[in-house]
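Participant: 3D, please:
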Amino acid sequence: MSRVAASIRAALSAVRAAMRNDGLRRIELAWSLGIGADTGLLVILLVTVYARDGVVATGLLGATRMLPAVVAGMLSGSILERFRGDRLLLAIGLIRAAAAALCGLVIALDGDSALLFALAAVVAAAGAPVRPVQATLVPGLARSPSELVAANMAWSTGEGLGAFAGPLVVGLLVAAGQPALAALVAAAVFLLSAIVIAGLRFEHAEDAAGGAGATGGGLRLMDGFRALRRRPVPAWAMVSVFGEVMSRALLNALIVVAAIELLGLGDPGVGILNAALGLGGLFGAMFALTLTGPSQLIRTMCVTLAWWGAPIAVIGLLPVPAVAIGAMALIGIANAAYDVALFTIFQRGCTNDERAPVFSVFEGTAGLGSIAGSLLAPVLLAAFGDRGALAITGSILPILALVIYGRVGRLDRVTVVDEDLGHLLREVPAFAELPLTAVERLAAGLVPVEFEPGAALMRQGDAGDRFLVVASGEVEVVVDGRPIQRLGRGAGVGEIALLRRSPRTATVMAISAVTGYAVDAGTFLAAIAGPSAAAVTERIAAAHLARAAGAAATAPAAAAPRGS
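Facilitator: Numbers count the residues shown, from 1 in each chain. Just a heads-up that it's a prediction; the model follows:
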């Protein structure tokens, strides 16, 4: 129990730290509000359409929402390339708010159901890019790998809270005979999500487009497939997406049959089992942070994928209500941890330019998995009965997890930037405020350097053309022949000449054998161009100049200057 409590405390502490990042806080809140409004509006539309046109119409409503949503989601990478992500999310919030308000108007005036179908398609199509766009933008806001994982965990938790609160609130209003008012409440929440996202700010403007530079246009979906061919871990993670979403669609159909016919829980049993799933998700998100270190991502994805499916088989093999409720809770725990590991793999296992198109492929894969599961469910029920269908469904993901682990489980690197190099760059004070996307761009421009003891890394008075990061060894900073300070691993030298476009203000000598990395002037200045990093670097430069001036003021008057 003490380990469980410690895990929960660590998870909550990490989330609190991530939520102090204004950008992450805004994107997480907007996501949760959007989920709540979307699921709530879906409940309103399903209830209204069912009351007017029957069960067949409700199924048609689902298809009407799914098809445009899949297409829009697959095009999200191309859309993000053309429009800033923050502006795109703002526009999506406003469109969904307007469509939800029109739904309320149609319901209040007893308008044609065809209008509700059309508006449902608009809401779904507009909302489909939200998940891939936000998942693409988050690395441009997170300042460390742990902050990224905590943000993904908060994202998963926010989704669960939104999916719980949205249907609950509108359900109460619908029960009170106010479906039109419920739709207007959903519209107001959509509008609030747009207001929240309107304040989103990025350290680097290019991160508002997912961290990618200009690529010349085209259908980014194909870029996503090409990226996956180059990167085996994200590619196999994408295979797991298809299996997981297909299993989810199978479970959505089978759980209704299981609750009513197999477990004898009746109609309320469907809600009880789904509530257990949601509750498990909330707890699972708390533990996900301890399972998603860089060396654990593949293992966590595979283990949680297996645990996602196995409890479904248990329900079929042991159809007891208490067992079924516990199994659904386990699925929720596994699902939350799986989501965090999965999104972290996509975000850190792809380059800035690959991330948006890969998430476009993700949306298409998820859509195909949902369709496959929906079509397969009645086939399994007809061929094997309810218990057999549950057992077969539950075996899919454990088998898939074994296959995936066999292919990529022994790979020791998931991230595109070497983890040790990333840690080194984040030790440099000038780079401490940089988002992960900027660290990746910086790492791509590094050139390894070595210096023997006594060698000069740079000399006072020379032109400044690069910034140096010390990886190992010790250096001494000398101004006018006077030693100022000694620096070691994680130190950065040479920023003053680059910032001020002036000659070097100090000589830096290697005291011991030194290894490190050189960053050319253009890459360095681009990396610290954002307001936070620029302010930090200016403070560092000012402190170095003040230290040198202080040393000069206290030095003996007869001291002869050295260096050049």
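
Participant: if you skip the residues just before and after it, what's nearest to residue 29?
Facilitator: Leaving aside its chain neighbours, residue 29 sits nearest to residue 196 (5.2 Å; criterion: C-beta to C-beta, 6 or more residues apart in numbering). (Each C-beta comes from the backbone N, C-alpha and C, glycine too.)

Participant: Quick check: that neighbour vs residue 397, distance?
Facilitator: 35 Å (C-beta to C-beta, to the nearest Å).

Participant: So between those two, which is more surrounded?
Facilitator: Relative neighbour count places residue 397 above the other of residue 196 and residue 397, with 27 against 22, counting by other C-beta atoms under 10 Å.

Participant: on that earlier part again, the residue nearest to residue 29 sits in which helix or strand?
Facilitator: helix 179-198 (DSSP states H and E).

Participant: so how far is that helix from its chain's centroid?
Facilitator: 24 Å (C-alpha atoms, centre = their mean, to the nearest Å).

Participant: ok, now stretch 139-146?
Facilitator: So, by C-alpha atoms, centre = their mean, the centroid of stretch 139-146 is 9 Å from its chain's centroid.

Participant: for stretch 379-391, what is the average pLDDT?
Facilitator: Stretch 379-391 shows a mean pLDDT of 90.

Participant: all strands of the stretch 401-550 of the chain, in order?
Facilitator: Counting by DSSP state E, counting those that start in this stretch, the stretch 401-550 of the chain has strands at residues 447-451, 456-458, 466-472, 475-479, 482-487, 492-493, 507-510, 514-520.

Participant: Redo those strands as TSV? Include distance to residue 32 and mean neighbour count.
Facilitator: Shown next, in TSV, are the strands of the stretch 401-550 of the chain (distance: least, C-beta to C-beta, whole Å; neighbours: other C-beta atoms under 10 Å):
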stretch	distance to residue 32	mean neighbour count
strand 447-451	43	14
strand 456-458	49	20
strand 466-472	39	22
strand 475-479	48	22
strand 482-487	44	16
strand 492-493	38	22
strand 507-510	49	23
strand 514-520	39	21
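
Participant: now these as CSV including mean pLDDT?
Facilitator: Output for those, formatted as CSV (pLDDT from 0 to 100):
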stretch, mean pLDDT
strand 447-451, 95
strand 456-458, 94
strand 466-472, 95
strand 475-479, 94
strand 482-487, 91
strand 492-493, 92
strand 507-510, 95
strand 514-520, 95
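
Participant: how about JSON lines for the ones you listed, with distance to residue 357 added?
Facilitator: Formatted as JSON lines, the strands of the stretch 401-550 of the chain follow (distance: least, C-beta to C-beta, whole Å):
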{"stretch": "strand 447-451", "distance to residue 357": "29"}
{"stretch": "strand 456-458", "distance to residue 357": "40"}
{"stretch": "strand 466-472", "distance to residue 357": "31"}
{"stretch": "strand 475-479", "distance to residue 357": "42"}
{"stretch": "strand 482-487", "distance to residue 357": "41"}
{"stretch": "strand 492-493", "distance to residue 357": "34"}
{"stretch": "strand 507-510", "distance to residue 357": "42"}
{"stretch": "strand 514-520", "distance to residue 357": "28"}
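
Participant: Those: which one's closest to residue 324?
Facilitator: Residue 324 sits nearest to strand 466-472 of all those, at 55.0 Å, using C-beta to C-beta.

Participant: what are the pairing partners of the closest one, and which direction each?
Facilitator: Taking DSSP bridges as the criterion, strand 466-472 sits next to strand 492-493 (antiparallel), strand 514-520 (antiparallel) in its sheet.
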